[in-house]
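Undergrad: Compute the structure for the input listed below.
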Amino acid sequence: MKTHLRLSMVVAILILLSLMGVDLSQAQQIPSQGFHNEIYGHANLPWSSQYVQRQFDPPLDVGGYVSIALLPLNDFLAISYYDATNQSLMVATPIASHLGNCGTRNNWVCVTLDSSGDVGKFSSIDLWGYSLDNWKMGISYYDSTARSLKAAIYTCFEGSCAWEKITVSAPDSPDFSEGLYSSFKFNSTGNASIAFFHYNSVHLDSILEYAYQVPSGGDCGEGPAAGLWECDEVNLLGGEGIYASLDFSYDDVAYIAYYSADQGDLLLAIQGGMCGPELGWSCLFLDGADANVGLFASLIAPQSSIGPFRVAYHDRTNGHLKIIDSDWGEPVVVDEMGTSLEPMGISMVIDDEGYPVIAYQQIASDFSPPTLRISRPYMAYGTDPYGNCGDSPPGYLFQYWQCKTLDYGGQYSEEADFAAMAINSKGLVGIAYSEYDTDYYVGSLKFTYQHLFRTLMPITNRH
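TA: A predicted model of the protein is given here:
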C-alpha cells in the first residue's frame, strides 16, 4: 500500500513543526491512527490523563483560558490556551510520540501563536471544514495590552494554508476594553463569529457584542481587516455579556448564553427578534430570580428542528451545577460545585445518543482542593437503573445524573480552573484543563480522555 498525504493537513503540521525546530523530514513518517473495531458502551470506557505542557525548571505557568475543538472530518484536535509566564497565546496539537516538543512523551506540538504584548486570555477555538483540503481553525482572544479583541484564523484552501492574525475590535477610549469572555464559532459555511464583552471602566457598565465576518462595509476590523467585520450590540442593560457562550443551531441561527452581573441572572440571546439596541435579537431570561446564577455558561444550540437548546452553568448562591433544557422547561440541579469566587470551569457536549455530557470543577468546601468531575445521564452507562447526584428532571422519579471524579489534584494541586471538552466522531470524550501546583508555583495544561480517544494528528490516508 502506498501512503498519500492530504496536502493541506501536511502543510499544517509542517508549519507547526518548523516553528518548533523539528526535522521536517520526519513529518512524512507520522502514521495515521484509526479505529479497527466498533466501540460500544462509550460512557463506560476508562479514562487516562497526560500532561500537554508542564515545566518546573524554570517554572512555567501555562494552561489558563483553555479551549478545545475537533475537526469533524477527521477528529483533528487543537487546544488554545494562555501562557501566563510569557503572556502569550498558545496552541497545542497531538502528534506521534517523540516527534513533538511538549507532552508526557513529547507527543504534543506546543506553539506560541501570538506574543505581541500580553495576549491570549479568554481564548476560544473552533474548527470547520468540508474536505481535508479546505478547512479552517479560528481562535478569538483578548489583547490585554491594547484592550482589544483579536482573532487568529488558519485557512487551508485547495492546499494553500496560511495564518491571519487580526484585531477585530479595538477601543476608541482608554476607558474601554473590547474582547473579554470571547466565544468563537464558525457557521456551516465557514464564516467566523465571536460573542464578546465590552467594558467601560469609568461607568462600570458593559455590553454583550456579536462580531461576524462580512465581505465589505462592516463597522469593525482594524488595519487589513477594516470593514471585514460587523459588530452588533446585543444587550445594553448593564453588566451584560460575562461568560458568553456562542453556538449555532442546525439552521445557522446564533444563540448566546451569558451572565448578567448586575442582576445575577442567566440570559439567552437568539438571533432574530426585537431585543437590543439594533432590534436584531430575542432576549430570554432563563434563571436567577432569587439567586446569583449563570456563571461559566456552556451552551448547545438546537441541532434539529425539534431539538432543545441546553445551557450548563453555575448557581453561586447555592453552589450548584445546573442545566437548562428547553424540553424540560425548568432548571435542574446536576451536582454540587461549591461557592468559590474563583473562575471555575464548565463545558458541555452532546454525545452520539443525544445525552448531555458535562465536565466541571468542584470545590466541595473552603478546605477542599479543586477536582475535575464529569456528569451524564445514568442511561448513557446502561448499567444502573438511576443516578447518584442532582435532581430529577420533570417526568423522572429517580436521580437522573451519574457524577464521578476524573482528576483529584490532592493537597498541593488545583485541577480544572478552566475545563474545555470535546467529543470525537466515535462518541469518546476528551477534556483539556489547567492544573496548578501550589507547592512549586507551576501551572500545567492537562488532557484527560477516554481510552481509544483519537489523540494523534490524522494527516494521512492509506490506499
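Undergrad: center of this protein, which residue is that?
TA: Residue closest to the average C-alpha location in the chain (C-alpha atoms, centre = their mean): residue 67, at 3.5 Å.
Undergrad: pLDDT on the helix or strand harbouring that one, on average?
TA: If you go by DSSP states H and E, residue 67 is part of strand 62-71. For strand 62-71, the mean per-residue pLDDT is 96.
Undergrad: Pairing partners for that strand, with directions?
TA: Sheet pairing of strand 62-71 (DSSP bridges) gives strand 76-83 (antiparallel).
Undergrad: close enough to count as contact, the residue nearest to the centre of the chain and residue 125?
TA: Yes: in this structure, residue 67 is within contact of residue 125 by C-beta atoms under 8 Å, at 4.4 Å. Where you see a C-beta, it was placed from the backbone N, CA and C, and this is true even at glycine.
Undergrad: any shared contact partners between those two?
TA: 79-80, 139, 184 (C-beta atoms under 8 Å, 6 or more residues apart in numbering).
Undergrad: from those, which is closest to residue 338?
TA: Proximity to residue 338 was ranked across the shared contacts of residue 67 and residue 125 by C-beta to C-beta; first place goes to residue 79, at 25.5 Å.
Undergrad: OK, contacts around that closest one?
TA: Taking C-beta under 8 Å, 6+ apart, we find residue 79 in contact with 52, 66-68, 91-93, 125, 420, 432, 445, 447.
Undergrad: so which of the shared contacts of residue 67 and residue 125 would you say is closest to residue 336?
TA: Of the shared contacts of residue 67 and residue 125, the one sitting nearest to residue 336 (C-beta to C-beta) turns out to be residue 79, at 27.7 Å.
Undergrad: List the beta-bridge partners for the closest one.
TA: residue 68, residue 92.
Undergrad: Which other helices and strands does the longest strand anywhere in the chain contact?
TA: Counting residues, the longest strand found in the chain (DSSP state E) is strand 119-131. For strand 119-131, the elements it packs on are strand 62-71, strand 76-83, strand 88-94, strand 134-143, strand 176-186, judged by 3 or more C-beta pairs under 8 Å, 6 or more residues apart in numbering; DSSP states H and E.
Undergrad: Rebuild those as CSV, extending it with distance to residue 42.
TA: Putting the helices and strands packed on strand 119-131 into CSV (distance: least, C-beta to C-beta, whole Å) gives the following:
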stretch, distance to residue 42
strand 62-71, 15
strand 76-83, 17
strand 88-94, 20
strand 134-143, 26
strand 176-186, 25
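Undergrad: Quickly compare the ones you listed and say which is most buried.
TA: Ranked by mean neighbour count under mean count of other C-beta atoms under 10 Å, those are led by strand 76-83, which reaches a mean of 26.
Undergrad: tell me the angle of that strand relative to strand 134-143?
TA: Using axes from the mean of the first three to the mean of the last three C-alpha atoms, to 10 degrees, the inter-axis angle of strand 76-83 relative to strand 134-143 is 10 degrees.
Undergrad: Now do strand 76-83 against strand 119-131, angle only.
TA: Using the same axes, to 10 degrees: strand 76-83 against strand 119-131 is 170 degrees.
Undergrad: Distance from the chain centre to strand 76-83, please.
TA: Centroid displacement of strand 76-83 relative to its chain, using C-alpha atoms, centre = their mean, to the nearest Å, is 9 Å.
Undergrad: Please export the C-alpha coordinates of it as PDB.
TA: Output of strand 76-83 as PDB, limited to C-alpha atoms (Å, rounded to 0.1, in the frame of the first residue of the first chain):
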ATOM      1  CA  PHE A  76      -8.000  16.700  14.100                       C
ATOM      2  CA  LEU A  77      -7.600  18.100  17.700                       C
ATOM      3  CA  ALA A  78      -6.400  21.500  18.700                       C
ATOM      4  CA  ILE A  79      -6.200  23.300  22.100                       C
ATOM      5  CA  SER A  80      -5.800  27.000  22.600                       C
ATOM      6  CA  TYR A  81      -4.600  28.400  26.000                       C
ATOM      7  CA  TYR A  82      -2.700  31.200  27.800                       C
ATOM      8  CA  ASP A  83       1.000  31.200  28.800                       C
END
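Undergrad: which residues of the chain fall in helices?
TA: In order along the chain, the chain carries the following helices (DSSP state H): 7-20.
Undergrad: hmm, which helix or strand of it has the shakiest average pLDDT?
TA: strand 460-462 (a mean of 32; mean pLDDT, DSSP states H and E).
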